[in-house]
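Visitor: Predicted coordinates and the sequence they were generated for:
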Amino acid sequence: MAYRRRRQREKTTFFVFSRLFADNSGAHTHYGDWLMKVLVTGGAGYIGCVTVERLISAGHDVVVFDNLSQGHRAAVHPQAAFIEGDLSDADAIESVFSAHSIDAVMHFASRTLVGESMQKPFLYLGENVVCGCNLLECMLQHDVKRFVLSSTANLFDDPERIPITEQEQIRPGSPYGESKQMLERMLFWLEQTHDLRYAALRYFNAAGASLERGEDHTPECHLIPLVLEVALGVREHIAIFGDDYPTRDGTCVRDYIHISDLADAHILALGALDQGSRTYNLGNGEGFSVLEVIETARAITGHPIPSRMGPRRAGDPAELIADSGQIRRELGWQPQFPQLQQIIESAWRWRCDHPNGYGD
Ligand code: UDP
C-alpha cells in the first residue's frame, strides 16, 4: 500500500505537522500513526473544503474530486490536487484511482437538502445512492478499503430519546435521510463481503466557518447563513418554517456543530479505521430553536433581523440533538467551538470578510 511506502519517509514530517495541528486546535494529539493520500469527493463544498484544510494541516496528501455543482474551485486548498468530475461517470472515477495511489476516501459529494428531497425524491434515492455505489465499487476494485461517509441526523425522525445516541432506531425523515441510510447499509455489507473499513459520521447541523472557508450555497437555504444575509442587507427577512412543533417555543430545535470540529472528527475517524469500522453521531449535545438562533444572531450582528412566520417545511423533524459521547470516549473528540455564539460569530466574521462568498 502507498501509505506504507510513504510512512517511513514522511514520519518526521507527520510528527511536526501533527504537533502544529494539535497546538493550533488546542486539543487533539492522535490521528493514527501514518500519513495517507486521501481522495475527498465534494472537497470544494462546505464541509469537504474545511476537512481538506484540516487534512493538509495534519500532513496528509489530498486529491479533491468535485463536479462544482454546489462547490467552489476557490474553496479548494491550494495544496490539494483538484479534479473536476462527476460521480455518475464511472470512467472519471476510475481514472482518479488509476492516476493516484489513494489510501482512503472521504465521501462528501452528495445532494443534501431535506426540503428538495421531498420535492424531487429521485435525485436522492437515485443519484445519491448510485454515485456512492460507483465510488465504492471503483475503490474496492483498486483495493482501497478505508472510507468515511458524510451521513446525517435526518436518519432520526421522531426519536424515542433525546439526546440521540447511535443506538436510536433509524427512521429517516426524508428521501435525503433514506439515501444516507441506504449508503450506511451498503457499507455494512461491504465490510462483510470485502473487508471495507468505514466510519459513518452522522452530522447534526454543521455551521460556522474556519478563518478562510465558510458557507456559500446557491441558492442558500440553511438557517444561519440566511439569517446573516438578512443582517447584511441581502434579504429583507428570515422566514421561520413553522411554530407549531412540540418544542419549547414551537419552532424546530437543532444541535449546531462548528465546521472545524466536524472536520476534526473526520480526521480522528480516519486515523482509527484500521482498528475497526464505526458509526458516530456528531453534535454538541445542546439544542437551539429557530427563534433562539435568530436572537443570538441579532446580538452578534447588532441588526434587528426581521422574521416572518411561515408554514412547516416538509421533512423537518421537530427536535434533533446528538449524544456524541461515543466518539468522545473512543477517539477523544473534543469540540473547540461548542457554543452557538462562537459558531455564529465565526460565520459572521467570514461573511463580513467575504460579502460575495467565494465570488463565483
Ligand atoms: N429554517 C427556517 N427558515 C429557513 C431555513 C431553515 O426556519 O429559511 C429552519 C428549518 O426548518 C430547520 C432549521 O431551521 O428546523 C435548520 O434548517 P437548515 O436548513 O439550516 O438545516 P437542516 O436542519 O435542514 O439540516
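Guide: Yes, it's here. Numbering: from 1, shown residues only.

Visitor: Can you report how many residues lie near the residue in the stretch 201-350 of the chain positioned nearest to the ligand?
Guide: Among all residues of the stretch 201-350 of the chain, residue 252 sits closest to the ligand, at 3.0 Å; criterion: CB to the nearest ligand atom. Quick note: C-beta positions are derived from backbone N, CA and C, even for glycine. If you count neighbours by other CB atoms under 10 Å, residue 252 ends up with 25.

Visitor: Enumerate every residue touching it.
Guide: Contacts for residue 252 (CB atoms under 8 Å, 6 or more residues apart in numbering) come out as 241, 242, 245, 289, 290, 316, 317, 318, 319.

Visitor: I'd say the fourth one and residue 251 touch.
Guide: Yes: assessed by CB atoms under 8 Å, residue 289 is found in contact with residue 251 at 4.5 Å.

Visitor: Who has more neighbours out of these two?
Guide: Between residue 289 and residue 251, residue 251 has the larger neighbour count (other CB under 10 Å), namely 23 against 20.

Visitor: where does the more buried one land in three-state SS?
Guide: coil (DSSP: H, G, I helix; E, B strand; the rest coil).

Visitor: In space, what's closest to it - neighbours in sequence excluded?
Guide: Nearest in space to residue 251, with sequence neighbours left out and distances taken as CB to CB, 6 or more residues apart in numbering, is residue 290 at 3.8 Å.

Visitor: does the residue positioned nearest the centre of the chain count as helix, strand or coil?
Guide: The centre of the chain sits closest to residue 47, judged by CA atoms, centre = their mean, with a distance of 4.4 Å. Recorded secondary structure, residue 47: helix (three-state DSSP).

Visitor: Isn't it up against residue 206?
Guide: Yes: judged on CB under 8 Å, residue 47 makes contact with residue 206 at a distance of 5.4 Å.

Visitor: Residues that sit against both of these two, list them.
Guide: Shared contacts of residue 47 and residue 206, defined by CB under 8 Å, 6+ apart, comprise 259, 262.

Visitor: Give me the spatial nearest neighbour of residue 195, chain neighbours excluded.
Guide: Closest to residue 195 by CB to CB, 6+ apart is residue 145, at 5.9 Å.

Visitor: Need phi/psi at the one you found.
Guide: Here is the backbone geometry of residue 145 (degrees, to the nearest 10): phi -130, psi 20.

Visitor: Residue 196 is in contact with that one, correct?
Guide: Yes: the criterion here is CB under 8 Å, and residue 145 meets it with residue 196 at 5.2 Å.

Visitor: if we can go back for a sec, may I have the residues that are in contact with the residue nearest to residue 195?
Guide: Taking CB under 8 Å, 6+ apart, one finds 139, 194, 195, 196, 197 in contact with residue 145.

Visitor: distance of it from the ligand?
Guide: Using CB to the nearest ligand atom, to the nearest Å, residue 145 is found at 30 Å from the ligand.

Visitor: May I ask you to confirm that residue 62 belongs to a strand?
Guide: Yes: assessed with three-state DSSP, residue 62 lies in a strand.

Visitor: Quick check: bridge partners of it?
Guide: residue 38 (DSSP bridges).

Visitor: So it sits against residue 53, correct?
Guide: No: using CB under 8 Å, residue 62 is not in contact with residue 53, being 9.3 Å away.

Visitor: Give me the common contacts of those two.
Guide: Common contacts of residue 62 and residue 53 (CB under 8 Å, 6+ apart): residue 77.

Visitor: can you give me the helices in this structure?
Guide: 2-25, 46-57, 90-99, 114-119, 121-122, 129-141, 175-194, 223-232, 259-272, 290-301, 325-331, 340-353 (DSSP state H).
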